[in-house]
Structure formats: structure tokens, C-alpha cells
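# when you get a sec, could you give me coordinates for this:
(chains A and B)
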Amino acid sequence: MRVLLVEDDRELARRIAEFLRSERCVVDIAGNGEDGQHLGETECYDAAVLDLGLPKVQGADVLRAWRAEGRNFPVLILTARDGWSEKVEGFKAGADDYLTKPFRVEELVMRLRALVRRAAGHADAHIVCGPLGFDAQLGTFELDGLPLRLTALEWRVLSCLTFRKEIVVDRIELIERVYEGDAEVDSNSLEVIVARIRRKIGRAMIETVRGRGYRLTAGKT
Amino acid sequence: MRLTPASLGGRLFLVAAILIVAALIGAGSVTGLILYRFIQGQVDQRLDTQIAAVSSALSVTLDNHLSLNAQIEGPPFDRPGTGWYFEVFDGESRIRSASLGAAELHVPGPWPFEWLTRSAAGDSPGIGHQSLHFRTGSEIVGDHIVTIVATAPRSAIWRPLFEALSPVLIALALAGVALVLAMLVQVRFGLRPLQALRTAVAEVRAGRRERISANQPSEIAPLVDELNNLIADNAEGLARARRHVSNLAHGLKTPLASLAVALDERGRDPAGELHELIDQMDRRIRHHLGRARAAAQHGPTRAQTSLATRVTDLVAILPKIHPGKSLTVITDIAPQIAVACEAQDLDEMLGNLVDNAAKWASKRMSVSARIVGSEVTIVIEDDGPGLADDKIPEALRPGQKLDESAPGYGFGLPLTRELAELYGGGLNLGRSDLGGVKATLMLPVAC
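A predicted model of the protein is given here:
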């Protein structure tokens, strides 16, 4: 799960990012509205956490600009402003959720996961693909009812594929969602990760679509 | 005890009344004096004529006695007791008018040089209790120096004086009453701008207008200018204080958020005690922020906010606030209904109530509004579990949180009620026909 965090308080941004990373998320941080708007318009994210009171460009304007550009990733507004007027304005600008400071960081993670899950079209938190089960709310995988142990990179790839089970996920998109924006990506490393996952859940479950990407499948089609 | 009246009208009236009464008394006195002089002059003239007549009729008889050689006792000198008398005296013998009979006039004795003036005047006690006015004249008849005294009753002066003066006094008294009434009207009319000013200030205080009209009489225009400046300063100070509180609150929340996130790292607060402290701080900040916002409502506001638009906006965001809940929201609000509240405060009140209803509703909720007199009654109902009657006062008391796990029945309801009451409205909770809570919010209608 790749998250854009737009927050001008560096200390808070650092701590949230640290926590999100520990929850196996990929996090990009923007310290002002201008950078945030640019990243949201050019990069590919599963969700964004957006502060409203930002330097250079206000949060609500950033959000409107994203929506005007057709960027439809779910956006959670994280702000100290807790009035209903601001809440209504935020939602009208295109936000999907609203959390006021101070907050429990676990709650932020839960809400982000719920946003991403619903954006992928899953009303239920439990996503099943053959023998593979994924609790999108807790972020845990099961295989035949038993907990599946995965590394952070494996988890990112598999969760991405699970959210879009039976659909081909583009290679480039997968790489973008798995690695941090400034990380040097070895072109072979994705294959290596996919191979490791296949060893854990069974070869047939991840299908390689040559020239495009990968598909998680229960094998019936 | 102070002698001057406390009111400006009273002062003006008192001074004017004293001056009017003094002027009328003065006018009455002068008129009386003039009339007195005039009437007395007429009586004197008549007496002098009589003295002249007596004088010309005097002669000395052969035996050296004075005698009147003509009949000069015409009316009223011929009727006894009338006060119209005359007497001729040469130091030895007297000739008296018929009206005097045998009585003797007590007039002051002749002055040593009285004859030079040939006449004198004065009052004498007269005969019996009769008060007399007299004139005297001196004449040399033969070798006699005679003094002629003619008298008239004092009433011959006073009676016409009273007769002439009483209509004058009545006229003056009526004029006095009319002047005092005119003064009253003038004071009331003159002070009317002050009354209007008082009403205007009260309206500013009540928030019905923002400033006092500058169209004022020149005497109070500078005062109104100063008042308007004061009102503007006050509003600005209030806005600044509100902004400061808001900035302080929001400024505190970000580091508080950092602290909360830091506590979540590596199990630093396993029992959640420190998080509870952060929650407490947050609750206090929100409470005081709400209070500061509410307190600012004493300032001038003549806001008009369309109810239907705000409710539509709020209802539209409910699916995002309560995702995964399929809720039927029935709204029944005429589009022309507007309430006299700041949009932000209306959002705050409606937001809390609509959100609560959505949180507790199982399938359905409704928002309706209608105008009752000068109030808009907004009813928000849900089909949830509802509130027991004995829990209602608790839900409206500040600082109470009925359900710790579901934030909302926290300070949202007391704050909503507080805001509504500041606008002169109110909030009631009860049982809905749908089964859950029925919240009735009353707010002033915007006109």
C-alpha cells in the first residue's frame, strides 16, 4: 500500500511515516501543498493523508486540483480543524474520510486500510481468493486457514494483487506501489519477490501475463 | 438628597418651569403696579377737582369766619359713610362735607411747607375702620391759611384694581400652564434622539444591527461616532481573541498529535494511560474552543443561513462518515427557510445532531423543519435504540459521555444546546415515532 502524506509539521510527518512503514506501507512525504499536489498528480498512490492548513497551497485546494485532474485515490483529511463546516468543506472538495488531531495512529491505519479496500470495490474486509484469505482491516494473510508469514515487500506485492484479484496488475504500477519513490529499483527484484510468494502460496495462484504484469487467481478461469 | 433631578428631561423641565413662573410673576406684578397707578391717578384727579371746587367756593364772612358760598356737595360727597369726604380747616374752625357729618378726619397734620405744593396725598385710618385715601390742598383766603382735605375710600382704588387685574391674572396663569405644557412637549421632542439612540445601542447589543445610524442631530453625532468606533473596536477585539484562541487550539493539536503518535511507537503506553491524558487535553481544547466560538456570538450578528442547503450538505457527507451503513435519510425542509445563525454555528449544531442520529440509526433517519412563530423548529429523528428518559438530562450536561466507545454523545449535545441557547433557541431530546431519539432544535427565524 503506497500512501502520500502531506503534512507540514515535520515531526508529526516523520512519526506517522515511521508508523505506516512499520505497517508495511510505502510512504512519500510532502511538506507543503505545492509538493503534495505535484506528487499526487504525477505518482501512483493507494491513498493520501492530507493536512488542511498547509504552506503555499491550502489542503482543500490541493484536493480539488487532484480531483480536477481525475486522480481518484482515496483521501483522508488529517487536520486540527474539527468544526463541521470544515468537515463539510473537506468532503465537498472530494475527501473520503476526515480525522482530527490528535488521533490514534492505529485508527489512522485502520481508516486508510478501509479506504483502500473500499476503493478497490470490496465491501467486506475479508477477501478470499481460493485457499488464500486476506483480512484487509488487520492486514493479515491466511492460507488454508493458517497464518501466512510474509516479509514487508512480499506483503505489499501480495496485498496489491489480492485487492485486484483476477485482474492483471501492471508491472510498473506494482513496482511503484511496492518501492519508495526515491528507491533504486532493480528490474529483476520484482520477479524475485513474486517467486518467493509463489513458493509460499503455490505457483498456480500468481499468473504471469507476459509484457504486462501479474494476476492473482483462484485458478477457475 | 440631591436637589437636581437625575434625568436630563427633568433638569430641562425644572429650569424652564422656574423661569416661566418667575417671568409670569414679574409680568403680573408690573401689570398690577401700572393699573394701581392708573386707577389711583384717576381717584386723585377727582379729589383734586373737589379740592379746587371747594377752594373756589371759599369766602370769609364779615365776622372773619370761613364759609362756603356755593353748593358744592354733589355726589358722592353728600352721602354719609361712603368715604368720600372733604374738610376745610384754617387752624380754628372746620367746614365738613355733608357725608362726613360730625365725624372728624384723622389726617396727618399739614406739613410746614405743604402749601407750597398746594397738595399732598396719603392714606389715613379714616373714620372707624374705614381706610381712606386723601389729597390735601392749601389756600389763602383773606388772611386765613386753609387746608382742604378730600378723601376717597381705599376701596375706590382696590375694587377696580381687582376687577381689572383678575382677568389679567387668569390670562397669565393660563399662559403659564400653556408654556409649561409646551416645555414638556419640547423636552420630550428634543430628547427623542437620545431615546432613539438608547434603542439603537440596545439593538446593537442584541445583535439585530451592526452599528448605529450616523444620521443623528449634530449635538449627539460625535457621541454616535465614538460609540460606533467603540463597537467596531469591540468586534475587532472579539474577532482577534477568537482567532487567537482558535490558533492556540489548533497550534496545540499538532504537537499533541505528534505526542500521540510517539506514544504508539514500540508500546510506550501499553495501558493507554498517557493516551487518556492526551484525550483529556483534546477534550479540554475542543470544549474551550467551542466556548470561545459561542461566546463570540454576543457580538453583532445579523446572519441569515439557508437551512435546506446546510442540511443537504451534511446529509450528503454521511455515507463517507459512516461508510458501509445503508441509511435512508428523509429530509423535509422548505427551501426558503432561513435561520438567524452564523453558517459555522448552524453547521456545528446540525452536524452534531445529524451525525448522532446517523450513528445510532439502524436503517432510517429524518430531518424536518417548519416555522413556528418566530422560531424554526428542526426535528432530527432516528430509528435506533433511543435514549431512556432518565438519561436525557445526562446527555445534555457538559462533560458527560454516555458511551465512551462511540464518541458523539459527548460534548456535542451540550455544546449544541449551549449554542442554540446563545441564539435564543434551545434543544430538547425525546422519543421518536421511528423508535429512536428525537432531537428538537429551535432557532430564531431570519427575517
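# please report phi then psi for the closest residue to chain B within chain A.
Among the residues of chain A, residue A:84 lies closest to chain B, at 2.9 Å counting by CB to the nearest CB. Where you see a C-beta, it was placed from the backbone N, CA and C, and this is true even at glycine. Main-chain dihedrals, residue A:84, degrees, to the nearest 10: phi -70, psi -30.
# give me the neighbour count for the nearest residue to it once chain neighbours are set aside.
Distances taken as CB to CB, 6 or more residues apart in numbering or on different chains place residue B:351 nearest to residue A:84, at 2.9 Å, with adjacent residues excluded. By other CB atoms under 10 Å in any protein chain shown, the residues close to residue B:351 number 22.
# name the SS class of residue B:351, please.
On the three-state scheme (DSSP: H, G, I helix; E, B strand; the rest coil), residue B:351 is labelled helix.
# how about the residue of chain A closest to chain B, what does it touch?
Contact analysis of residue A:84 by CB atoms under 8 Å, 6 or more residues apart in numbering or on different chains lists B:314, B:347, B:348, B:350, B:351, B:352, B:355.
# quick check, pLDDT for residue B:369.
In this model, residue B:369 is scored at 94, pLDDT.
# the chain: strands as residue ranges?
No chain specified, so I'll use chain A. For chain A, applying DSSP state E gives strands covering A:2-6, A:26-30, A:47-50, A:75-79, A:97-100, A:126-129, A:132-135, A:140-143, A:146-147, A:168-170, A:206-209, A:213-216.
# I was thinking of chain B, sorry if that wasn't clear
Using DSSP E, the strands of chain B run over B:58-60, B:66-68, B:85-89, B:94-96, B:120-124, B:132-141, B:144-153, B:305-306, B:328-332, B:338-339, B:364-372, B:375-382, B:426-431, B:437-444.
# can you add distance to residue A:142 and mean neighbour count and give these back as CSV?
Shown next, in CSV, are those (distance: least, CB to CB, whole Å; neighbours: other CB atoms under 10 Å in any protein chain shown):
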stretch, distance to residue A:142, mean neighbour count
strand B:58-60, 163, 17
strand B:66-68, 163, 16
strand B:85-89, 151, 25
strand B:94-96, 158, 18
strand B:120-124, 140, 15
strand B:132-141, 141, 21
strand B:144-153, 142, 23
strand B:305-306, 52, 18
strand B:328-332, 36, 14
strand B:338-339, 54, 24
strand B:364-372, 37, 18
strand B:375-382, 37, 22
strand B:426-431, 45, 17
strand B:437-444, 41, 22
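# how about those strands, which one is nearest chain A?
Here strand B:305-306 is closest among the strands of chain B (CB to the nearest CB), at 10.7 Å.
# could you give the mean pLDDT of the closest one?
Averaged across strand B:305-306, the pLDDT comes to 88.
# any chance you could map the helices in the chain?
Picking chain A for this. Remark: helices assigned in chain A by DSSP state H are A:10-22, A:33-42, A:59-68, A:84-93, A:105-119, A:152-163, A:171-178, A:189-201.
# wait, I meant chain B there
B:8-57, B:114-117, B:155-190, B:192-206, B:221-264, B:273-295, B:307-321, B:343-360, B:392-396, B:412-422.
# what's the domain layout of the chain?
This is for chain A. As recorded under automatic domain parsing, the domains making up chain A are A:2-119, A:126-216.
# nope, chain B please
B:11-159, B:221-295, B:303-444.
# out of these, deepest packed?
Of all these, domain B:303-444 has the most neighbours on average by mean count of other CB atoms under 10 Å in any protein chain shown, namely a mean of 18.
# return the distance of that domain from the chain's centre.
45 Å (CA atoms, centre = their mean, to the nearest Å).
# could I get the helices of chain A as a markdown table with distance to residue B:377?
Conversion of the helices of chain A to a markdown table gives the following (distance: least, CB to CB, whole Å):
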| stretch | distance to residue B:377 |
| --- | --- |
| helix A:10-22 | 43 |
| helix A:33-42 | 42 |
| helix A:59-68 | 33 |
| helix A:84-93 | 20 |
| helix A:105-119 | 36 |
| helix A:152-163 | 47 |
| helix A:171-178 | 52 |
| helix A:189-201 | 61 |
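# now distance to residue B:12 and mean pLDDT too, for those, in a markdown table please.
Shown next, in a markdown table, are the helices of chain A (distance: least, CB to CB, whole Å; pLDDT from 0 to 100):
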| stretch | distance to residue B:12 | mean pLDDT |
| --- | --- | --- |
| helix A:10-22 | 69 | 92 |
| helix A:33-42 | 66 | 94 |
| helix A:59-68 | 61 | 94 |
| helix A:84-93 | 53 | 91 |
| helix A:105-119 | 72 | 91 |
| helix A:152-163 | 87 | 90 |
| helix A:171-178 | 87 | 84 |
| helix A:189-201 | 97 | 90 |
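# quick one, which of those helices is nearest to residue B:150?
Nearest of the helices of chain A to residue B:150, taken as CB to CB: helix A:84-93 at 108.2 Å.
# now that closest one: buried residues?
A:84, A:85, A:86, A:87, A:88, A:89, A:90, A:91, A:93 (16 or more other CB atoms under 10 Å in any protein chain shown).
# which residue, other than its chain neighbours, is closest to the fourth one?
Counting by CB to CB, 6+ apart, the nearest residue to residue A:87 once its immediate chain neighbours are dropped is residue A:98, at 5.2 Å.
# pLDDT wise, what is that neighbour at?
pLDDT, read off for residue A:98, is 93.
# tell me who's in contact with it.
Counted by CB under 8 Å, 6+ apart, residue A:98 has contacts A:76, A:77, A:79, A:87, A:90, A:91, B:320, B:321.
# ok, the last one - contacts?
With contacts defined as CB under 8 Å, 6+ apart, the neighbours of residue B:321 are A:91, A:98, B:355, B:358.
# biggest separation within the buried residues of helix A:84-93, which pair?
A:84 and A:93 (14.7 Å).
# beta partners of the closest residue to residue A:171 other than its chain neighbours?
Excluding the flanking residues, the one nearest residue A:171 by CB to CB, 6+ apart is residue A:213, at 4.2 Å. Taking DSSP bridges, one obtains residue A:170, residue A:209 as the residues bridged to residue A:213.
# where does residue A:213 land on pLDDT?
pLDDT, residue A:213: 89.
# surely it touches residue A:169?
Yes. Using CB atoms under 8 Å, residue A:213 is in contact with residue A:169, at 5.0 Å.
# out of the contacts of residue A:84, flag the one nearest to chain A.
When the contacts of residue A:84 are compared against chain A (criterion: CB to the nearest CB), the nearest one is residue B:351, at 2.9 Å.
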